[in-house]
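> pasting a predicted model and its sequence here:
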Amino acid sequence: MEAQLPKHIVMVPFMAQGHLIPFLELAHRILNHNPIFTITIVNSPLNINYLRSAIANGPSPPHQIHLKSLPFNSSDHGLPPNSENTDGLPITQIIKLFHASTALETPLRGFISDVISDEGSPPVCIISDVFMGWANEVAKSFGTVNYSFTTGGAYGSAAYSSIWMNLPHRNLANGGTHDEFPVPGFPESCRFSITQLHSYLIAADGKDEWSTFFQPQISLSLKSKGWLCNTVEEIENMGCETLRNYIKLPVWCIGPLLPQKMLKTNPGSGIVGRRSGKQPVIRPEECIEWLDSHPQDSVLYISFGSQNTISETQMMELAKGLEESKKPFIWVIRPPIGFDLKGEFKPEWLPLGFEDRIGKQGLMVHGWAPQLEILCHPSTGAFLSHCGWNSVMESLSQGVPIIGWPLAAEQGYNAKMLVEEMGVCVVLTRGVHGRIVKEKVKNVIEMVLDKSEERKGNDMRRKASEVGRLIRASVDGSSYKAMDEFLSTIL
Ligand SMILES: O=c1ccn([C@@H]2O[C@H](COP(=O)(O)OP(=O)(O)O[C@H]3O[C@H](CO)[C@@H](O)[C@H](O)[C@H]3O)[C@@H](O)[C@H]2O)c(=O)[nH]1
């Protein structure tokens with residue numbers, strides 16, 4: 001009998017750390033579920049190198065995962081040389097990278113043709129990032145199908161898609177009051193605020209450089225056979241219903257795409273190990289040792305994800321508020337907005353003598369921290385986060401409540417959902433122009449870390465812990481079932 005060729009899936013992630021890693025985790029998850037597949041992840045050369053080191057740094061990679069580098073030259077798109085990832089790029093360049101990402105279409109077509117010559121048939125499907133909607137056309141023209149993968153949550157993805165496609169805030173008079181407006185797909189009672197939108201979205205008119213990328217790409221992704229979503233059905237009931245209602249396609253909630261150790265009932269402290277192409281500037285063991293010296297649920301962890309930072313004034317007030325709160329903290333810090341994020345950190349961005357004065361109260365990490373190890377440690381009591389979806393899932397999976405400071409993308413919608421639907425978050429401020437004073441920083445930190453009964457912090461922790469339980473239960477429950485259903489549709 002002739003041996004059956006493995007079923008080939010081609011994955012097309014967007015060119016950002018917060019997208020590449022969930023795609024890699026998705027590939028692992030699919031293969032754990034059913035090893036019959038071969039998966040090729042395609043991207044620009046530097047992102048493929050990044051994924052190669054992520055695989056090398058992580059636990060033993062299955063032989064069925066292949067990486068394919070597609071030609072891409074950032075200088076052809078008005079970007080600085082070697083700019084193939086949002087990491088470290090200022091916002092004005094990020095939009096150029098979004099537009100440039102569509103240049104991967106022609107080389108992807110070449111690759112699919114090669115697959116057909118070698119294997120006699122096209123891949124069983126392409127799984128493309130929601131931002132890489134053009135992959136739908138590629139799939140169709142080669143007689144295969146496309147599924148979209150949103151690396152965000154259900155609520156955030158629904159809001160992001162609907163707001164970009166409809167720009168509902170442009171017509172506040174149409175059913176809106178003051179600065180609040182309804183969003184197509186969401187219940188009438190769920191109003192969004194103009195303050196939750198980034199300035200480029202507030203200014204968008206359908207013809208600007210942001211709309212002319214997002215509208216066609218989301219619109220193409222709406223032609224997929226269905227969407228995979230990095231969330232858990234039970235924790236986002238309303239978000240899942242809204243996403244299905246808005247996109248009118250099947251949605252499989254297959255998250256959380258996190259390392260197995262984080263999903264154990266009591267992960268405890270220790271090395272989690274992750275697939276990441278970046279090395280922390282501090283050894284995980286050092287962080288763990290520092291956390292070991294603090295009581296349970298007492299430490300605030302602060303990080304704004306892989307590509308964001310705050311303003312100079314905000315940094316100063318945050319530092320003062322932290323110092324006055326006297327609460328222990330780990331702060332992943334980068335140069336403020338307007339400066340080279342990978343450049344040298346200048347002492348004048350913090351209060352005079354700050355780092356010397358805080359001593360054992362704070363651990364400053366200049367660059368990249370071992371976030372998973374920090375969040376899994378029992379001493380970590382709260383996370384001051386920009387509400388990027390990976391950070392949200394990582395925090396909630398460990399029952400850690402969130403102090404939200406959304407900065408860009410769908411982070412404002414994530415924060416809204418975490419506050420209104422889950423009750424696990426309080427918003428400190430929004431954006432790089434958001435007002436922030438040290439007194440508020442101090443009060444919010446104290447409130448969230450306060451474990452006394454009847455305090456809001458205690459309630460947030462209890463709710464976060466319940467969400468964490470649901471996330472862990474989904475691994476053998478709803479998310480497992482959703483993956484099963486998805487794979488049976490492509491087999
Ligand atoms: O010092 C650090 C900082 C970050 N991380 C990791 O980097 C990832 C950051 O991801 P996320 O929290 O999602 O933030 P972004 O990198 O900003 O993510 C982009 O992609 C997400 C998924 O689509 C969106 O939700 C965000 O809005 C978008 O900015 C997480 O896994 C973190 O664990 C570290 O390990 N160490």
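Thanks, I have the structure now.

> and Cys240, what are its phi and psi?
Phi and psi for Cys240, reported as degrees, to the nearest 10, are phi -70, psi -40.

> same question for Lys360.
The phi/psi pair for Lys360 (degrees, to the nearest 10) reads phi -70, psi -10.

> and it, how many neighbours?
For Lys360, the neighbour count with other CB atoms under 10 Å is 9. Where C-beta positions appear, they are placed from N, C-alpha and C, glycine not excepted.

> flag every buried residue along stretch 73-91.
The neighbour-count check on stretch 73-91 (16 or more other CB atoms under 10 Å) flags 74, 77, 79, 83-87, 89 as buried.

> same list, those, but as TSV with pLDDT and secondary structure please.
Below are the buried residues of stretch 73-91 laid out as TSV (pLDDT from 0 to 100; DSSP: H, G, I helix; E, B strand; the rest coil):
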residue	pLDDT	secondary structure
Ser74	97	helix
His77	97	helix
Leu79	96	coil
Ser83	95	coil
Glu84	97	coil
Asn85	95	coil
Thr86	92	coil
Asp87	86	coil
Leu89	87	coil
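
> farthest-separated two in those residues?
Put simply, by CB to CB the two of those set farthest apart are His77 and Asp87, 16.4 Å from each other.

> returning to that earlier point: need the buried residues of stretch 73-91 in TSV with distance to the ligand, can you?
Below are the buried residues of stretch 73-91 laid out as TSV (distance: CB to the nearest ligand atom, whole Å):
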residue	distance to the ligand
Ser74	19
His77	20
Leu79	18
Ser83	16
Glu84	15
Asn85	10
Thr86	8
Asp87	8
Leu89	12
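
> let's have those in TSV, adding distance to Glu209.
TSV is the format used below for the buried residues of stretch 73-91 (distance: CB to CB, whole Å):
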residue	distance to Glu209
Ser74	17
His77	12
Leu79	14
Ser83	16
Glu84	19
Asn85	19
Thr86	15
Asp87	20
Leu89	15
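
> go through these and name the one nearest His33.
The nearest member of these to His33, counting by CB to CB, is Asn85 at 28.6 Å.

> who touches the closest one in this structure?
By CB atoms under 8 Å, 6 or more residues apart in numbering, the residues touching Asn85 are 15-17, 20, 46-47, 50, 97.

> low-confidence ranges, the protein, go.
Low-confidence segments of the chain, defined by pLDDT under 70: 1-5, 172-178, 275.

> need the contact partners of the longest helix along it.
As assigned by DSSP state H, the longest helix anywhere in the chain is helix 456-474. Helix 456-474 has contacts (CB under 8 Å, 6+ apart) with 232-235, 255-256, 263-265, 297, 381-382, 393, 395-402, 422-426, 447-452, 480.

> which of those residues fall in helices?
Per DSSP H, the contacts of helix 456-474 map to helices at 393, 395-397, 447-449, 480.

> tell me the buried residues in the longest helix of the chain?
Neighbour counts over helix 456-474 (16+ other CB under 10 Å) mark 457-458, 460-461, 463-464, 466-468, 470-472, 474 as buried.
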